[in-house]
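S.K.: Have a look; sequence and predicted model below, questions after that.
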Amino acid sequence: MRKIFFVIIWAIAFAYVEAAVVEYLRALYYPPDSGGFRFPLLTLQQITTLGQDHWTRLIIELGRELSTLIMLAAVALVAARNAREWLGYFMVAFGVWDVFYYVWLKIFLGWPASLMTWDLLFLIPVPWVSPVPAPVIVALAMTASGLTVLFCEARGKTLATSWTDWILITAGGVIVIVSFCLDYENIMAGGLPAPFNWPLFFVGLLTAAATFTGILWRNRSVGQSSTPPEKLQT
């Protein structure tokens, strides 16, 4: 519980840093007196017109996004005693970070303006866009799943999984990501977002959630002896 508490505190603080950086970028490219952040986004051609400094800033932003994932993975690695705990801590850190990112933006900017406001989620390898509830739902699901894994590990109960489980969970995650990226060509061309594909999103989410629920159900009465978790190899 102590580790989980401090990972959550870290994720909330990291979300503050992330939201602060986004506030600076929005003040630069989408200042409040021009209406603030909105779609359509700047195109690559428009960024080229603005000058080399803006291309450099775009590259830095891509690096920042990659570094964000590395930092989330690294703090989970520090907290974990084995690969299963690493996955659990990563999901908790990612989920809490993502939810509080929006909390801090609401405090800083009063954004999102409404529940169904569209957001640019990620840029690697193409733009990910969706209404705000979609990533929040994913973040909450990740947090709940990560906490479940960690509580099972703390009780000495390793959740037995099969290759089929991992394939289905991975497939569900990929489908969710595809739902975010479907409209990337239109977004990169400076268009307004097309209607979000909620059915595809929920197919992916429910595939992963149902598989994880099935794992819990199969393991509900399986008690494994408590043994010191294997150390992660460095």
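M.R.: Received, thanks.
S.K.: could you say what helices and strands the helix or strand of the chain with the lowest mean pLDDT packs with?
M.R.: Scoring the helices and strands of the chain by mean pLDDT, DSSP states H and E places helix 44-50 at the bottom, with a mean of 85. Counting contacts by 3 or more Cβ pairs under 8 Å, 6 or more residues apart in numbering; DSSP states H and E, helix 44-50 packs against helix 52-79. C-beta: built from backbone N, CA, C; applies to glycine.
S.K.: Direction-wise, compare the following helix or strand past the helix it packs on with helix 52-79 and give the angle.
M.R.: Counting by DSSP states H and E, the next helix or strand C-terminal to helix 52-79 is helix 83-109. Counting by axes from the mean of the first three to the mean of the last three Cα atoms, to 10 degrees, helix 83-109 lies at 140 degrees to helix 52-79.
S.K.: buried residues in helix 83-109?
M.R.: 84-102, 104-105, 109 (16 or more other Cβ atoms under 10 Å).
S.K.: same for it, what does it pack against?
M.R.: So helix 83-109, by 3+ Cβ pairs under 8 Å, 6+ apart, packs with helix 2-29, helix 52-79, helix 133-154.
S.K.: let's see it at 10 Å
M.R.: helix 2-29, helix 52-79, strand 118-122, helix 133-154 (3 or more Cβ pairs under 10 Å, 6 or more residues apart in numbering; DSSP states H and E).
S.K.: Rounded mean pLDDT for it, please.
M.R.: Across helix 83-109, the average pLDDT comes to 96.
S.K.: now the angle between helix 133-154 and that helix, please.
M.R.: 140 degrees.
S.K.: re the thing from before, contacting residues around the least confident helix or strand of the chain?
M.R.: 29, 40-43, 53-55, 57-58, 188-190 (Cβ atoms under 10 Å, 6 or more residues apart in numbering).
S.K.: got any ranges where this structure has weak pLDDT?
M.R.: 221-234 (pLDDT under 70).
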